[in-house]
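Peer 1: Fold the stuff below for me.
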Amino acid sequence: MLHLLPRRPARSLRLSRPARLGAVAAASLCVATLGSAAPTTAGGADAAVRPVAARTALVPPAQQPPASATNPTNPLAGHRWGTYAGGAEMAWAPYAAATGTTRTLLGRIALQPKAKWFGAWIADDEIGDKVREYVANATGGDPDVLVQLTTFRMVPWEHEACRRLPTRAEQASYERWVDAFAAALGDTRAAVVVQPDGPFAACAPGRSLLPSRMVGYTVRALEALPRTDVYVEVGSAGWNHLRPGEALRLLLPAGIEVARGFHLNTTHYEPTARQVRFGAAVVRALATRGIRGKHFTVDTAQNGRGFTWEWHRDHVAGRFDSAPTCRTRRQTHCVTLGIPPTTDVASPRWGLPADVARLAARHVDAYLWSGRPWLRRQASPFLLDRALAVAWTTPFSPPIG
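Peer 2: Numbering: from 1, shown residues only. Model (predicted):
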């Protein structure tokens with residue numbers, strides 16, 4: 001369920017004592033819920049969405065710098081990015097109800113433009129309304145504001161995708177859903193991340209290309225829209241074993257030739273520099289196959305102190321999708337917020353090595369937040385203790401307390 005943070009004086013959250021942060025958060029989790037209970041799938045609290053008749057966005061859109069000389073065609077640069085502020089964003093209600101230091105910390109999540117997830121938990125005949133509500137809220141009705149979305153519609157997916165292929169009925173439902181999603185998006189200015197955890201397509205029974213081709217259906221439907229740019233999710237550098245060929249095995253049957261590019265690191269915590277170097281290698285590999293001019297985005301929602309799956313396996317007990325959050329701002333190899341969403345990808349503020357900054361300036365359209373480390377298993381429900389921890393320890397915001 002979605003838990004609201006009770007109002008309390010800022011002094012009640014003593015952030016100079018990290019151990020107390022979790023205790024305060026845990027004590028705050030037993031309060032009222034917003035709307036109906038959030039599903040336990042990756043989708044979040046879509047049931048809490050209500051029709052929106054917005055005139056002005058609740059959060060002022062974030063202006064992005066113009067396209068750089070090294071990436072002059074960047075479709076995400078130079079625009080204002082909208083931020084959704086409603087019940088379907090599980091961090092919003094706790095932020096709106098909070099005060100003092102708690103509100104400041106939760107604002108580091110709630111006030112950032114994010115790529116909200118839309119998936120199979122939303123029925124085929126409801127997805128259109130959900131998309132329209134989201135767009136109206138995030139843009140305030142301004143057609144020049146850019147919104148970000150993530151599609152996660154494939155059924156079966158994740159480990160089930162390794163055991164069976166989609167049935168004919170599931171394929172037909174998938175296409176209906178995608179068609180309705182695209183129709184609702186229409187001429188909205190949008191960036192869409194398609195199907196996180198993309199490498200699961202590679203384990204389809206019999207090495208079938210059906211899941212990748214279904215992703216390709218989404219890519220083509222959305223790229224046919226006048227102002228939508230699509231980034232096909234392809235896992236992380238490590239998930240592809242640092243081999244560009246493994247990424248191409250996913251991208252080639254998934255319509256990469258018509259997509260703007262691909263997206264990396266949605267559910268992993270790997271360092272940004274590693275993703276940029278790998279992504280640039282994938283771009284070069286695509287070019288050798290005659291697919292030139294591709295770009296990519298990197299998920300930085302949860303890699304502020306990045307680490308790999310292998311490091312987690314060898315050093316940490318427990319689930320990778322619920323890896324421990326940082327306890328201090330100096331701790332490494334732990335989960336905390338990364339570089340804020342931006343098209344200013346080569347800024348010295350991010351501390352990237354010089355070679356990585358050059359690659360980013362040329363190939364990376366943006367750092368985006370599709371990942372959600374403030375949710376249980378990155379899915380649902382909202383966990384206040386995780387949210388406060390990742391917001392407090394991030395190296396990309398000023399210290400508090």
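
Peer 1: At which residues are the strands of the chain located?
Peer 2: Under the criterion DSSP state E, the chain carries strands at the ranges 62-63, 80-81, 116-119, 145-152, 190-194, 228-233, 261-264, 295-299, 364-368.

Peer 1: W239 is nearest to which of those strands?
Peer 2: Closest approach to W239 among those (Cβ to Cβ): strand 261-264, 9.2 Å. Every residue, glycine included, has its C-beta placed from N, CA and C.

Peer 1: Span of stretch 62-70 from start to end?
Peer 2: Using Cα to Cα, to the nearest Å, the end-to-end distance of stretch 62-70 comes out at 22 Å.

Peer 1: List the buried residues of it.
Peer 2: 62, 64, 67-68 (16 or more other Cβ atoms under 10 Å).

Peer 1: again, but for stretch 88-107
Peer 2: 88-98, 101-107.

Peer 1: then it to CSV, C-alphas only?
Peer 2: Listed next in CSV are the C-alpha coordinates belonging to stretch 88-107 (Å, rounded to 0.1, in the frame of the first residue of the first chain):
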residue,chain,number,x,y,z
ALA,A,88,0.0,7.3,-9.6
GLU,A,89,3.5,8.5,-8.5
MET,A,90,4.0,6.8,-5.2
ALA,A,91,6.5,9.3,-3.9
TRP,A,92,4.1,12.3,-4.5
ALA,A,93,1.6,11.9,-1.6
PRO,A,94,4.3,11.3,1.1
TYR,A,95,6.1,14.4,-0.2
ALA,A,96,2.9,16.5,-0.3
ALA,A,97,2.1,15.5,3.3
ALA,A,98,5.6,16.0,4.7
THR,A,99,7.1,19.1,6.4
GLY,A,100,10.6,20.3,7.2
THR,A,101,13.6,18.2,6.4
THR,A,102,11.5,15.2,5.5
ARG,A,103,9.8,17.3,2.8
THR,A,104,13.1,18.5,1.5
LEU,A,105,14.5,15.0,1.2
LEU,A,106,11.4,13.6,-0.4
GLY,A,107,11.4,16.5,-2.8
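
Peer 1: rewinding a little: what would the buried residues of stretch 62-70 look like in a markdown table with distance to T83 and pLDDT?
Peer 2: A markdown table is the format used below for the buried residues of stretch 62-70 (distance: Cβ to Cβ, whole Å; pLDDT from 0 to 100):
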| residue | distance to T83 | pLDDT |
| --- | --- | --- |
| A62 | 7 | 94 |
| Q64 | 13 | 97 |
| A67 | 22 | 97 |
| S68 | 24 | 95 |
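
Peer 1: of those residues, closest to L337?
Peer 2: For those, the nearest to L337 is A62 (15.6 Å; Cβ to Cβ).

Peer 1: Make sure the closest one is actually in contact with L76.
Peer 2: No. Contact criterion Cβ atoms under 8 Å: A62 and L76 do not qualify, at 11.5 Å.

Peer 1: ok, for A180, nearest residue in space, not its chain neighbours?
Peer 2: Take A180 and drop its neighbours on the chain: the residue closest to it by Cβ to Cβ, 6 or more residues apart in numbering is G128, 4.4 Å away.

Peer 1: separation between that neighbour and I122?
Peer 2: Separation of G128 from I122 (Cβ to Cβ, to the nearest Å): 10 Å.

Peer 1: ok, now A379?
Peer 2: Between A379 and I122 the computed distance is 15 Å (Cβ to Cβ).

Peer 1: Between the two, which has more neighbouring residues?
Peer 2: More crowded of A379 and I122, by other Cβ atoms under 10 Å: I122, with 25 against 20.

Peer 1: Now do the more buried one against A180, distance only.
Peer 2: Distance from I122 to A180, by Cβ to Cβ: 10 Å.

Peer 1: where does the stretch 51-200 of the chain dip in pLDDT?
Peer 2: Counting by pLDDT under 70, the ranges of the stretch 51-200 of the chain that qualify are 51-55.

Peer 1: need the helices for it, in chain order.
Peer 2: 92-97, 100-110, 127-139, 168-185 (DSSP state H, counting those that start in this stretch).

Peer 1: Please name every helix or strand in contact with the third one.
Peer 2: To tie it back to what came earlier, the one meant is helix 127-139. Here helix 127-139 touches strand 116-119, strand 145-152, helix 168-185, going by 3 or more Cβ pairs under 8 Å, 6 or more residues apart in numbering; DSSP states H and E.

Peer 1: just the last one next, same as before
Peer 2: With contacts defined as 3+ Cβ pairs under 8 Å, 6+ apart, the packing partners of helix 168-185 are helix 127-139, strand 145-152, helix 210-223.

Peer 1: Out of these, which one sits most buried?
Peer 2: Across the helices and strands packed on helix 168-185, the average number of neighbours (mean count of other Cβ atoms under 10 Å) peaks for strand 145-152, which reaches a mean of 25.

Peer 1: In this structure, which residue is most central in space?
Peer 2: Compute the mean C-alpha point of the chain, and by Cα atoms, centre = their mean the closest residue is S370, 0.3 Å away.

Peer 1: Pull the contacting residues for it.
Peer 2: Contact analysis of S370 by Cβ atoms under 8 Å, 6 or more residues apart in numbering lists 114-115, 117, 148, 150, 193, 196, 233, 263, 266, 299, 301.

Peer 1: how close does the residue nearest to it when sequence neighbours are not counted sit to Y95?
Peer 2: Of all residues not flanking S370 in the chain, A115 sits nearest, at 4.2 Å (Cβ to Cβ, 6+ apart). Separation of A115 from Y95 (Cβ to Cβ): 18 Å.

Peer 1: Likewise for T394?
Peer 2: 16 Å.

Peer 1: cool, G238 as well?
Peer 2: With Cβ to Cβ as the criterion, G238 and Y95 are 32 Å apart.

Peer 1: One more: L242?
Peer 2: Counting by Cβ to Cβ, the gap from L242 to Y95 is 38 Å.

Peer 1: Over to P66?
Peer 2: 30 Å.

Peer 1: same deal with I109?
Peer 2: Taking Cβ to Cβ, one finds I109 at 7 Å from Y95.

Peer 1: swap in A280?
Peer 2: 36 Å.

Peer 1: R349 now?
Peer 2: Separation of R349 from Y95 (Cβ to Cβ): 24 Å.
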